[in-house]
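Enquirer: Any chance you can model this:
(one chain, ligands or ions: 2)
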Amino acid sequence: MDNQIEKIVDKYGRVHDYLRISLTERCNLRCFYCMPAEGIELRDKAEFMSSEELLAIAKVFVELGVKKIRLTGGEPLVKRGFDDLIQELAKLPIEIALTTNAILIDSHLDALLKAGIKNINVSLDSLKEERFNTISRRSYFHKIKENISLLLENDFNVKINVVLMRDVNDDEIIDFVEWSRTEKIHIRFIEFMPFDGNNWNLEKKVSLKEIIDKVNFFYGADKVMRIEDAKNDTTKNYQIKGSIGSFGVISSVTNPFCSTCNRIRLTADGKIKNCLFSQSETDLLTEYRAGNPLKELILNAIHSKYKERGGFADFSNETVRKMKNRSMITIGG
Ligand code: SAM
Ligand code: SF4
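Expert: Numbers count the residues shown, from 1 in each chain. Ligands and ions are numbered 1, 2, ... in the order given. Predicted structure coming up:
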């Protein structure tokens, strides 16, 4: 069957079968590394995909061989009609996953269970309430912790995304790893990445090497096991011997995983980004509304993808100053 499906392949032979769709640019948190301090421009609702448009566009991607769709944002659970939308998406022959800050999980739990969603990534950058509130500029720490417990009680596979930033939360590496020893969670330390409005500089990121050195020093290298990475996984995975959970590092800055990248991003306003760092976008929503076919546009958008980092040579402070990109909240992480 598989060879009858047209595939989305770039000029380096990378097959793209994983689509991340941003459902909205809105969010109930204001994480400073994602949402610029001045906020984002509020745009007319008509500029964004409705659920019907999103479904129709998603189906085209599935016809082109997409096997997995992750719903993200902004905060995907604030999208009006989310519960109905996932029941419709669940009818497609794909795996559906979700990335969320978990504040609204309890209100959507039944819908998530009914749609058969199993894999949920939750962002939580600190285990200290006050610090979490400072990072997210809101006060939902306990709600999030309760909802993570609710997900675990209901047997979801839960990954916790932690964006590590120097002198912000890099002193919590061991606390997070300790959490993975007693709970069935997978902690993912993510290197802080540069986007518009997040005051990034190279010195603020915490590298894979630094994280692993700290963990080895604390537990002893013989207790830190390297565990298998899934195909196209962006995470290098580890487990402390005897733990229920595990942890990993996504080293997008110091060790980009571009050579095995299979991801396509569709923004809430219906534009393809063929890389998180691409400077160009392909507007599918306008074409869809004009009644034009989308397949060629999608194939061309991915074919023109750069080999690495959206065409940038490195992530030096000098290079990053030249990047013109959206803020992360308007891309969909
Ligand atoms: N609101 C949801 C959430 O926070 O999980 C989904 C959207 S959020 C943009 C998706 C992921 O992107 C989160 O795990 C977040 O931590 C990550 N992210 C946002 N800005 C980032 C940055 N500058 N560097 C690395 N990861 C970032
Ligand atoms: Fe919202 Fe997620 Fe961005 Fe935080 S990381 S501001 S929760 S979209």
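
Enquirer: List the residues that contact the closest residue to ligand 2 within the stretch 201-333 of the chain.
Expert: The nearest approach of the stretch 201-333 of the chain to ligand 2 comes at Ile329, 4.7 Å away (Cβ to the nearest ligand atom). All C-beta spots, glycine's among them, are computed from the backbone N, C-alpha and C. By Cβ atoms under 8 Å, 6 or more residues apart in numbering, the contact list for Ile329 reads 25, 27, 34-35, 40, 73-74.

Enquirer: Would you list the phi and psi of it?
Expert: Phi and psi for Ile329, reported as degrees, to the nearest 10, are phi -60, psi -20.

Enquirer: Show me which residues of the stretch 201-333 of the chain are close to ligand 2?
Expert: Ile329 (Cβ under 6 Å from any ligand atom).

Enquirer: count of neighbours near the residue nearest to Asn161 when sequence neighbours are not counted?
Expert: In this structure, Asn161 finds its nearest non-sequential neighbour in Ser123, 4.5 Å apart by Cβ to Cβ, 6 or more residues apart in numbering. By the criterion of other Cβ atoms under 10 Å, Ser123 has 23 neighbours.

Enquirer: which ones are touching Ser123?
Expert: By Cβ under 8 Å, 6+ apart, Ser123 lies in contact with 31, 99-102, 160-163.

Enquirer: For these, give me a markdown table that also has distance to ligand 1, pLDDT and secondary structure.
Expert: A markdown table is the format used below for these (distance: Cβ to the nearest ligand atom, whole Å; pLDDT from 0 to 100; DSSP: H, G, I helix; E, B strand; the rest coil):
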| residue | distance to ligand 1 | pLDDT | secondary structure |
| --- | --- | --- | --- |
| Cys31 | 7 | 96 | coil |
| Thr99 | 4 | 98 | strand |
| Thr100 | 5 | 98 | strand |
| Asn101 | 4 | 98 | coil |
| Ala102 | 8 | 98 | coil |
| Ile160 | 9 | 98 | strand |
| Asn161 | 3 | 98 | strand |
| Val162 | 8 | 98 | strand |
| Val163 | 5 | 96 | strand |
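
Enquirer: In CSV, list those residues along with neighbour count and distance to Asp222.
Expert: As requested, the contacts of Ser123 are exported to CSV (neighbours: other Cβ atoms under 10 Å; distance: Cβ to Cβ, whole Å):
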residue, neighbour count, distance to Asp222
Cys31, 19, 36
Thr99, 22, 34
Thr100, 24, 36
Asn101, 26, 36
Ala102, 26, 35
Ile160, 23, 25
Asn161, 19, 28
Val162, 21, 25
Val163, 24, 29
